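[1] I'd like to go over a predicted model; first the sequence, then the structure.
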Amino acid sequence: MSYITPEGYQRLSSEMVFLWKKKRPEIVRALADAAAEGDRSENAEYIYRKKELRETDRRLRYLERHLKDIKVVRDRPANESKIYFGAWVTLEDLDGELHTYRIVGGLEAGYTPGDISLFSPVAKALLGKSVEDEVTVDLPENKRAVYYVVSIQYDSPETSTSQPMAQ
């Protein structure tokens, strides 16, 4: 079972509706116009539109297949002082630099800067941790990173008027 935030589900559902109702019909119309121009084997517009239609249909199949088998996580955890799915987490590295991440489902990771997949090394290391915990992340190529948890919050930093959770 895959998990997704409500925002991620809305984003992907909106993308699917856009592809079905707006983009795909436009491509089909342009493809029909290009096909009407004659010899298709040397018609660059026709070849381009066929490729664009294949890519759009591939994305639609992907979204349809994955959106039906996911669980939208709407509830906040009982213990908001620990890091779980959907949390915005601010970390401090050993150089004193701050990094803010949100733990999201694999389908939605990468859409918004700072979103990281629940299955990424950083997210796996963070799950269950609290403010002021030291977190060691095993990275590829036998590298390690050490962070300190500075804050945890479950409201979007853009819409939240409260201060991040701290102990």
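    Received the coordinates, thanks.
[2] now for the biggest helix by length in the chain, which elements pack on it?
    Longest helix of the chain, by residue count under DSSP state H: helix 44-67. When contacts are defined as 3 or more C-beta pairs under 8 Å, 6 or more residues apart in numbering; DSSP states H and E, helix 44-67 packs onto helix 6-18, helix 24-35. (Glycine included, C-beta is placed from N, CA and C.)
[3] right, and these - which one's nearest residue 120?
    In terms of C-beta to C-beta, the element of the helices and strands packed on helix 44-67 nearest to residue 120 is helix 6-18, at 15.0 Å.
[4] so what secondary structure elements neighbour that closest one?
    helix 44-67, strand 70-72.
[5] Pipe the helices and strands packed on helix 44-67 into JSON lines and attach mean pLDDT and mean neighbour count per row.
    Shown next, in JSON lines, are the helices and strands packed on helix 44-67 (pLDDT from 0 to 100; neighbours: other C-beta atoms under 10 Å):
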{"stretch": "helix 6-18", "mean pLDDT": "94", "mean neighbour count": "15"}
{"stretch": "helix 24-35", "mean pLDDT": "94", "mean neighbour count": "14"}
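[6] any chance of those in TSV, with distance to residue 50 too?
    Below are these laid out as TSV (distance: least, C-beta to C-beta, whole Å):
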stretch	distance to residue 50
helix 6-18	21
helix 24-35	7
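[7] buried stuff in the lengthiest strand in the chain?
    What stands out as the longest strand in the chain, according to DSSP state E, is strand 143-153. Buried residues in strand 143-153, counted by 16 or more other C-beta atoms under 10 Å: 145, 147-153.
[8] Sketch out the low-pLDDT regions of this protein for me.
    Judged by pLDDT under 70, the chain has its weakly predicted residues at 159-167.
[9] domains for it, by residue range?
    2-72, 88-153 (automatic domain parsing).
[10] Out of these, which one sits most buried?
    Ranked by mean neighbour count under mean count of other C-beta atoms under 10 Å, the domains of the chain are led by domain 88-153, which reaches a mean of 16.
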